[in-house]
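Asks: Quick one: sequence plus predicted model below, questions after.
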Amino acid sequence: MAEIAAPGRSFARSMAARGPPSVSRSHGPLISDCTCSKPSARIGTRLIARKVGESLVLERRETVEKRLLARFRHIPGEVSLVDELIAERRGEAAREAEET
């Protein structure tokens, strides 16, 4: 997780000192003109933002991919989650049609 704050500074103090980071609409969120506490997040690093509680968490794409792969690692390769979801939705739609 990349934090937009200089080590030893609060987020608010860091933003007040440097100003907010730039966001490129054509290229997505980029770290620019700020000091990051993680050396892997440098200026120009593409990040994915997600809300966790009241916090905004910025992560590198590779970190998100690793977390998602770990989450679904227990599912055998021959199992198609797409096919299972489609079958589940069709069954639910059939039950809904029977009720009306």
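Replies: Arrived safely, thanks for sending.
Asks: Show me what the helix ranked longest in the chain packs onto, helices and strands only.
Replies: Of all segments of type helix in the chain, defined using DSSP state H, the longest is helix 81-99. On a contact count with 3 or more CB pairs under 8 Å, 6 or more residues apart in numbering; DSSP states H and E, helix 81-99 meets no helix or strand. (Glycine included, C-beta is placed from N, CA and C.)
Asks: which residues of this protein fall in strands?
Replies: For the chain, the strands defined by DSSP state E occupy 23-24, 28-29, 47-52, 55-60.
Asks: who wins for proximity to residue 67 among those?
Replies: strand 55-60 (8.3 Å; CB to CB).
Asks: any low-confidence regions in the chain?
Replies: 1-41 (pLDDT under 70).
Asks: follow-up on the earlier one: out of the strands of the chain, which comes closest to residue 95?
Replies: strand 47-52 (33.7 Å).
Asks: and that closest one with strand 55-60, angle?
Replies: 150 degrees (axes from the mean of the first three to the mean of the last three CA atoms, to 10 degrees).
Asks: Alpha carbons only: can I get strand 47-52 in CSV?
Replies: Output of strand 47-52 as CSV, limited to C-alpha atoms (Å, rounded to 0.1, in the frame of the first residue of the first chain):
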residue,chain,number,x,y,z
LEU,A,47,-2.0,2.9,-8.6
ILE,A,48,-5.4,1.4,-7.9
ALA,A,49,-7.5,3.2,-5.4
ARG,A,50,-10.1,1.6,-3.1
LYS,A,51,-12.0,2.7,-0.1
VAL,A,52,-11.4,0.8,3.2
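Asks: That's all I had, so thanks and see you.
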